[in-house]
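**Q** Need a 3D model of the sequence below.
(one chain, ligands or ions: 1)
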Amino acid sequence: MQSELKPCAHCGGEAYIDDDTMGHSVVCCKNIECRAQGPFRPTDDEAIAAWNARASDAEITHLTEALRAAEERETALHSDAERYHWLRDHSCPPHNFYISVPDEFAGQRYAPDDVDAYIDAARQALAGAKP
Ligand SMILES: [Zn+2]
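**A** Below is the predicted model:
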């Protein structure tokens, strides 16, 4: 006995069951603009079970948190890349892309956040100085 088909997980549209020439069953979305399709399975019941499978709330929460963390990492990496490009494009000859500090600061360590803040301030000052 066939189970009831859930609506399409992508568009909410109505679904139908189909088969291929090899006799495998598959569930497809009727929305021609969506065209979502489940996996091919040996029987209608297995194809319907695969189509009806949905992520649990816990899985959705986990994936949402992972996506948010990845977006934060991407934003931080983008900022670092912009700093790198600024350094690369604004270094002066004959020391292109050579980062140094005056002798009186030899041996002094700078926190990465301080270096980032200095570069960001220099970029903003330079951008503000442009006509
Ligand atoms: Zn759909």
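
**Q** got the buried residues for the worst-scoring helix or strand of the chain on mean pLDDT?
**A** Least confident helix or strand, the chain: helix 112-129 with a mean of 83, by mean pLDDT, DSSP states H and E. Of the residues in helix 112-129, 119, 123 count as buried by neighbour count, 16 or more other CB atoms under 10 Å. Where you see a C-beta, it was placed from the backbone N, CA and C, and this is true even at glycine.

**Q** which helices and strands does it pack with?
**A** If you count contacts as 3 or more CB pairs under 8 Å, 6 or more residues apart in numbering; DSSP states H and E, helix 112-129 packs onto helix 57-90.

**Q** What is the helix it packs on packed up against?
**A** helix 112-129.

**Q** Could I get the CA-only coordinates of the helix it packs on as CSV?
**A** Output in CSV follows, covering the C-alpha atoms of helix 112-129 (Å, rounded to 0.1, in the frame of the first residue of the first chain):
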residue,chain,number,x,y,z
PRO,A,112,47.3,40.6,15.1
ASP,A,113,44.2,42.8,15.9
ASP,A,114,46.4,45.8,16.3
VAL,A,115,48.0,45.2,12.9
ASP,A,116,44.6,44.7,11.3
ALA,A,117,43.4,48.0,12.9
TYR,A,118,46.4,49.9,11.7
ILE,A,119,46.0,48.6,8.1
ASP,A,120,42.2,49.4,8.2
ALA,A,121,42.9,52.9,9.5
ALA,A,122,45.6,53.5,6.8
ARG,A,123,43.1,52.2,4.1
GLN,A,124,40.4,54.5,5.3
ALA,A,125,42.8,57.5,5.5
LEU,A,126,44.0,56.8,2.0
ALA,A,127,40.4,56.3,0.7
GLY,A,128,39.4,59.6,2.3
ALA,A,129,42.3,61.4,0.8
